[in-house]
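>>> Structure here, sequence nowhere to be found:
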């Protein structure tokens, strides 16, 4: 269920339907909160998508916070110097 919400949010962001994207990300966030065994990868993707959404809405401080959470979760999963964490650093710097 969670990957579907994240995919729908990305599709809506691509179509510039930011309100719908926010709704799907909120549904995904709720599902992650209800599932304590959720993987770090899904949590990372959720924070990254929230960061992209906030960037599109020009809410840069919120975006930076979400990208920082993405870096943290990626670091927990792969380590701070892993190549998958590099993408999180890229979005944070962008």
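Great, that's in hand. Note that the structure is predicted; figures quoted are calculated from it, not measured.
>>> If you count neighbours, what's buried in the helix or strand residue 6 falls within?
Element membership for residue 6, per DSSP states H and E: helix 2-14. Buried residues in helix 2-14, counting neighbours by 16 or more other CB atoms under 10 Å, are found at 2, 5-6, 8-10, 12-13. Where you see a C-beta, it was placed from the backbone N, CA and C, and this is true even at glycine.
>>> likewise stretch 19-32?
If you call a residue buried by 16+ other CB under 10 Å, then stretch 19-32 has these buried ones: 21-22, 24-25, 27-29, 31-32.
>>> picking that back up, next one: the following helix or strand past the helix holding residue 6 to chain centre, how far?
Downstream of helix 2-14, the first helix or strand assigned by DSSP H and E is helix 18-34. Distance of helix 18-34 from its chain centroid, counting by CA atoms, centre = their mean, to the nearest Å, is 10 Å.
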